[in-house]
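Participant: Here is a sequence together with a model predicted from it:
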Amino acid sequence: MSYETYAELKQLVLPHLQPIGTNYREAISGEQKLVLTLRCLATGSSFASMTVPFHMSNTSIARHVLATCEVLWKVLQPTEMPIPNEDKWKSLAKRFGDLWDYPFAIGSLDGKHVALVNPMNSESLFYNYKGYPSIVLLALSDADSCFTLVDCGQYGRVSDAGVFQASRISQLLDQERLIIPDESFMVSTTEKRIPFQVVGDEAFPLKKNLMKPYAARTLDTIKRIYNYRHCRARRPVECTFGILAKKFEIFQRPMRLQPDRAITVTNACTILHNFIRRRDGHMIDRTSEINYEIRPNNEQGLMNLRPQQGGRNSDEATEIRDLIAAFFNDPRGSVMWQDQNVFRNVLLLED
């Protein structure tokens, strides 16, 4: 974090951290609380290890850090992570098209485990498949590796798909409350429309507005190229989690916090990540050469089909994915390096 960014953060946060003094001693200043919190998040130091340099008790440090994390989320969330409107979704899709050559995506979705140290009275609820207790951070990322939406706090034992189904992101998506544009894409390979969508990995369900790669057992050339382009569009969310864990070393070891407090700290880190990255991060400037057109949904097409319920992929979602795969294999929707990257580790046998 640069000094200018820190000065801006301090200006925003300090009015909400005003100390209340007494006749017996001076209160801890708001700036000291902010510095204490940033050091805890950035270095991953335990509360006990900071008692000597900051001349505070373990209990006081914990109280001030958690209170400051709540203030950080409350102050920064409306500007750094608001729910996007239609114009914002369109700009996010354009950025995915320019940077990652996937113009239909409005975000990439993934979840990560935040390790904890034996939560009290939790039995096996928080123990994940790797054998340690955790909570799950589910996040939607934009093309520049900033968080668009986050949902933190699901039990570690729940799978990615289960976390998604129970998350607020899924509820907003299914109830069409995310204000995703009604417009759809017209491409040269089909007369049907392709809607705006989120890209996820194979752990998530396939829906008309949530795409996942083809299963490995059914791959042919067209599907391999689609999977490459799909996984390329998922890189931002992986980079987002990587930058978050590298910037805030509190994620490098299990948190010695109860789950509700760990959620508060994690949310504060995600909002700080956006705040710092948009001011100090390196943003790539690139324009894609793929040709497509966005048109209003004035006629019936794929968007108006009713999705099927149940465990199987809906016909609508499967058809949308096939249309995108065909477009990515067409000269007007392909990129020149995709064949080389897809088949560099595949042995091609000549007849």
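Facilitator: It's in. Residues are numbered from 1 along each chain as shown.
Participant: Outline the domain layout of this protein.
Facilitator: Using automatic domain parsing, the domains assigned to the chain come out as 3-79, 84-256.
Participant: wait, what's in contact with residue 178?
Facilitator: 83-84, 89, 172 (Cβ atoms under 8 Å, 6 or more residues apart in numbering). C-beta: built from backbone N, CA, C; applies to glycine.
Participant: The chain: strands as residue ranges?
Facilitator: 105-115, 134-141, 147-155, 184-186, 194-195, 197-199, 210-211, 293-295 (DSSP state E).
Participant: Least confident of these, on average?
Facilitator: With a mean of 48, strand 293-295 has the lowest mean pLDDT of the strands of the chain.
Participant: re earlier: highest mean neighbour count out of the domains of the chain?
Facilitator: domain 84-256 (a mean of 19; mean count of other Cβ atoms under 10 Å).
Participant: Give me the distance between the two termini of that domain.
Facilitator: Length of domain 84-256, first residue to last, Cα to Cα, to the nearest Å: 34 Å.
Participant: Centre of the chain to it, how far?
Facilitator: Centroid displacement of domain 84-256 relative to its chain, using Cα atoms, centre = their mean, to the nearest Å, is 6 Å.
Participant: quick one: contacts for residue 66?
Facilitator: Taking Cβ under 8 Å, 6+ apart as the definition, contacts of residue 66 comprise 261, 264-265.
Participant: any idea which of the residues you listed has the most stuff around it?
Facilitator: residue 265 (24 neighbours; other Cβ atoms under 10 Å).
Participant: Which residue, other than its chain neighbours, is closest to that residue?
Facilitator: residue 69 (5.4 Å; Cβ to Cβ, 6 or more residues apart in numbering).
Participant: okay but the one you found is in contact with residue 38, surely?
Facilitator: No: look at residue 69 against residue 38 with Cβ atoms under 8 Å: they stay out of range, at 10.5 Å.
Participant: can you map out the helices along the protein?
Facilitator: 3-13, 30-43, 51-54, 58-80, 86-100, 160-166, 168-174, 221-233, 235-247, 259-280, 315-328, 338-343 (DSSP state H).
Participant: what mean pLDDT does the second one have?
Facilitator: Taken as a whole, helix 30-43 carries a mean pLDDT of 90.
Participant: Switch the domains of the chain over to CSV; also include distance to residue 281.
Facilitator: Converted to CSV, the domains of the chain look like this (distance: least, Cβ to Cβ, whole Å):
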stretch, distance to residue 281
domain 3-79, 10
domain 84-256, 8
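Participant: Can you tell me which of those is nearest to residue 279?
Facilitator: domain 3-79 (4.6 Å; Cβ to Cβ).
Participant: Mind putting the helices of the chain into TSV with distance to residue 127?
Facilitator: Shown next, in TSV, are the helices of the chain (distance: least, Cβ to Cβ, whole Å):
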stretch	distance to residue 127
helix 3-13	36
helix 30-43	25
helix 51-54	31
helix 58-80	24
helix 86-100	35
helix 160-166	15
helix 168-174	23
helix 221-233	29
helix 235-247	21
helix 259-280	12
helix 315-328	33
helix 338-343	38
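Participant: Relative to residue 132, which of those helices is closest?
Facilitator: helix 259-280 (13.3 Å).
Participant: So which elements touch the closest one?
Facilitator: helix 3-13, helix 30-43, helix 58-80, strand 134-141, strand 147-155, helix 235-247 (3 or more Cβ pairs under 8 Å, 6 or more residues apart in numbering; DSSP states H and E).
Participant: Run through the stretch 201-350 of the chain and note the low-pLDDT ranges.
Facilitator: 283-313, 345-350 (pLDDT under 70).
Participant: ok, now with 90
Facilitator: For the stretch 201-350 of the chain, applying pLDDT under 90 flags the ranges 201-209, 212, 214-225, 228, 252-253, 257, 279-350.
Participant: And the helices and strands packed on helix 259-280: which comes nearest residue 164?
Facilitator: Nearest to residue 164, of the helices and strands packed on helix 259-280 and by Cβ to Cβ, is strand 134-141 at 6.5 Å.
Participant: In a markdown table, list the helices and strands packed on helix 259-280 along with distance to residue 198.
Facilitator: Below are these laid out as a markdown table (distance: least, Cβ to Cβ, whole Å):
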| stretch | distance to residue 198 |
| --- | --- |
| helix 3-13 | 30 |
| helix 30-43 | 28 |
| helix 58-80 | 20 |
| strand 134-141 | 7 |
| strand 147-155 | 10 |
| helix 235-247 | 10 |
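Participant: between the ones you listed, which gets nearest to residue 334?
Facilitator: Judged by Cβ to Cβ, the one of the helices and strands packed on helix 259-280 that comes nearest to residue 334 is helix 235-247, at 18.3 Å.
Participant: can you give me the angle the closest one makes with helix 221-233?
Facilitator: Helix 235-247 runs at 30 degrees relative to helix 221-233, counting by axes from the mean of the first three to the mean of the last three Cα atoms, to 10 degrees.
Participant: what does helix 235-247 contact?
Facilitator: Residues external to helix 235-247 that are found in contact with it (Cβ under 8 Å, 6+ apart): 42, 99-100, 107-110, 112, 139-147, 251-252, 269-270, 273, 276-277.
Participant: Stretch 29-37 too?
Facilitator: So stretch 29-37 is contacted by 9-10, 13-14, 16-19, 50, 54, 56, 61, 64-65, 67-69, 72, 268 (Cβ under 8 Å, 6+ apart).
Participant: thinking again about what came up before, now do the same contact list for the residue nearest to residue 265.
Facilitator: 37, 264-265, 267-268.
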